[in-house]
Structures are given as C-alpha cells and as structure tokens.
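Engineer: Sequence and predicted structure are below.
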Amino acid sequence: GAVVSQHPSRVICKSGTSVKIECRSLDFQATTMFWYRQFPKQSLMLMATSNEGSKATYEQGVEKDKFLINHASLTLSTLTVTSAHPEDSSFYICSARVGQVNQPQHFGDGTRLSIL
Amino acid sequence: GNSVTQMEGPVTLSEEAFLTINCTYTATGYPSLFWYVQYPGEGLQLLLKATKADDKGSNKGFEATYRKETTSFHLEKGSVQVSDSAVYFCALSLMNTGFQKLVFGTGTRLLVSP
C-alpha cells in the first residue's frame, strides 16, 4: 500500500518551454503533498507544501511564478516548471501524506529534468 | 536553523560486516527523527523513526537511537547484506502550521560486496 506514482520519470526539453510533472497517490487519499528538488550529491530541498483545494505554501527562495503547483484532487498534484532554463535542470521528487500529523510521507520515484 | 549532517559516502563493506552511518542534527525545537532508504531506481522509503529522546527505531535489522544529549541518530546494522546497498537519508521534522516538513541530510551511499 501507500504507492505514489510520479510521471514522467525523465524529461529533456529545450530552454524556454514549460514542463509539467504529475504526482499521484494510487491507493490512498493524500490531503498533503510535498515537492522537493535534489541537486547532485546534495540533500532533498523542500520547495513547497500543498493541501488539496488550497494554494501551495512555498519555501523561502522558491519562485512561485516559476514553479506552479496545483493540487486539484486528493490523489493528484502537479508541478509546472514555466519557461524552463538550464539552471532548472535537477531531480524533482514528490511525496504524499494522509491528513493526520505524524503520518509518514510516501515518496514518488522522482523526475529527472534536463533543460538544453 | 534546522539541519542534518550525515557522514559522506560511499561506505563500502563486505557482506556480514557491521554498519554504522553517523547522523547529527541541529533543530530549533524538539524534532522527530527518521531514516529513509532509496534503492537504485526507486523512490525514498521510510526505514525507521523515533519521536522522542531515548526512543529506538528498528526495522529490517536496522536500528537507531534518538540521543538528545549528543543530538545524534546513528544508523546501525549488525550484519549487512548485498541487498542493503542503497542510499540512506537521515531526516528530521518539526511541526509548522500543522504540516510535517522534512529536513534531509545529504544521503550516504552504502555499497555491500559479496
């Protein structure tokens, strides 16, 4: 149980395009989803937290207009990297959690984004 | 601020060797502590956790004790297997407006050879 599916697993695109990454909880309802970014040999850095039906809460230094997050249902959250540039290339990981505090986060397999 | 420091890898061991991966933390408040594992090509999985001082989390032969006095949560296993090869992340969480935000260490890669 508690499977989180992330799609696509890898994407390569040209500079200036927008890229959408999907995160789905397959067998549970995720009231809260998290988006992380991981640079090579570095920690996972939390980008934003989103609750179903409300606006995402972004971490300091994360551009809201650059990284658009939508959490329209209890099983789906999307991250759109708008007008992507090479410096946005990274590994993006989502996680999902059932509503109660102290419940563990369940992670997707991540998306490798490469901007040429 | 809140941060987690892990020993740099890779840690290379032979099968059945004893494993220790060090983890120390800095936190403003009283954190919960976690170890996550990432097997090749997969997402992160919760390995074990501890929510208060002197708690010992354990799972699959791994264990870690929450040491408040040394702000540490070292991961140990008495006898590693080749299948334990993975990246291990130490993490902490603090309550923030009702959410549970995780702060991760940089991860430590473990390589176990037959």
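Structural biologist: Thanks, I have the structure now. Residues are numbered from 1 along each chain as shown, chains lettered A, B, ... in the order given.
Engineer: C-alpha only now, for contacts and for neighbours.
Structural biologist: Fine.
Engineer: Report the buried residues of the helix or strand where B:Glu63 lies.
Structural biologist: B:Glu63 belongs to strand B:62-65 when assigned by DSSP states H and E. Within strand B:62-65, the residues scored as buried using 16 or more other Cα atoms under 10 Å in any protein chain shown are B:Phe62, B:Glu63, B:Ala64, B:Thr65.
Engineer: what residue is smack in the middle of chain A?
Structural biologist: A:Trp35 (3.5 Å; Cα atoms, centre = their mean).
Engineer: can you confirm it is in a strand?
Structural biologist: Yes - assessed by DSSP: H, G, I helix; E, B strand; the rest coil, A:Trp35 belongs to a strand.
Engineer: any idea whether the residue lying closest to it once chain neighbours are set aside is helix, strand or coil?
Structural biologist: Among residues not flanking A:Trp35 along the chain, A:Cys94 sits closest, at 4.5 Å (Cα to Cα, 6 or more residues apart in numbering or on different chains). Of the three states, A:Cys94 takes strand under three-state DSSP.
Engineer: which residues touch A:Cys94?
Structural biologist: Contact analysis of A:Cys94 by Cα atoms under 8 Å, 6 or more residues apart in numbering or on different chains lists A:Gln6, A:Cys23, A:Met33, A:Phe34, A:Trp35, A:Tyr36, A:Phe107, A:Gly108, A:Gly110.
Engineer: Which residue, other than its chain neighbours, is closest to the first one?
Structural biologist: Using Cα to Cα, 6+ apart and skipping the chain neighbours, the partner closest in space to A:Gln6 is A:Cys23 (4.5 Å).
Engineer: can you pull the contacts of that neighbour?
Structural biologist: Residues near A:Cys23 by Cα under 8 Å, 6+ apart: A:Val4, A:Ser5, A:Gln6, A:His7, A:Leu76, A:Ser77, A:Thr78, A:Cys94, A:Ser95, A:Gly108.
Engineer: Run through the residues of chain B sitting next to chain A.
Structural biologist: Within reach of chain A by Cα under 8 Å from any Cα of the partner chain, chain B has these residues: B:41-46, B:98-107.
Engineer: Can you tell me the closest non-neighbouring residue to A:Ser9?
Structural biologist: Nearest non-adjacent residue to A:Ser9, counting by Cα to Cα, 6+ apart: A:Thr111, 4.4 Å away.
Engineer: What ranges does the chain have for its helices?
Structural biologist: With no chain named, the answer covers chain A. For chain A, no helices turn up when DSSP state H is the criterion.
Engineer: Actually, chain B is the one I wanted.
Structural biologist: Assigned helices in chain B: none (criterion: DSSP H).
Engineer: partner strands of the worst-scoring helix or strand of it on mean pLDDT, parallel or antiparallel?
Structural biologist: Lowest mean confidence among the helices and strands of chain B (mean pLDDT, DSSP states H and E): strand B:99-104, at a mean of 78. Strand B:99-104 has its sheet partners listed here by DSSP bridges as strand B:86-96 (antiparallel).
Engineer: Buried residues in the strand it pairs with, which are they?
Structural biologist: By 16+ other Cα under 10 Å, the buried positions in strand B:86-96 come out as B:Ala86, B:Val87, B:Tyr88, B:Phe89, B:Cys90, B:Ala91, B:Leu92, B:Ser93, B:Leu94.
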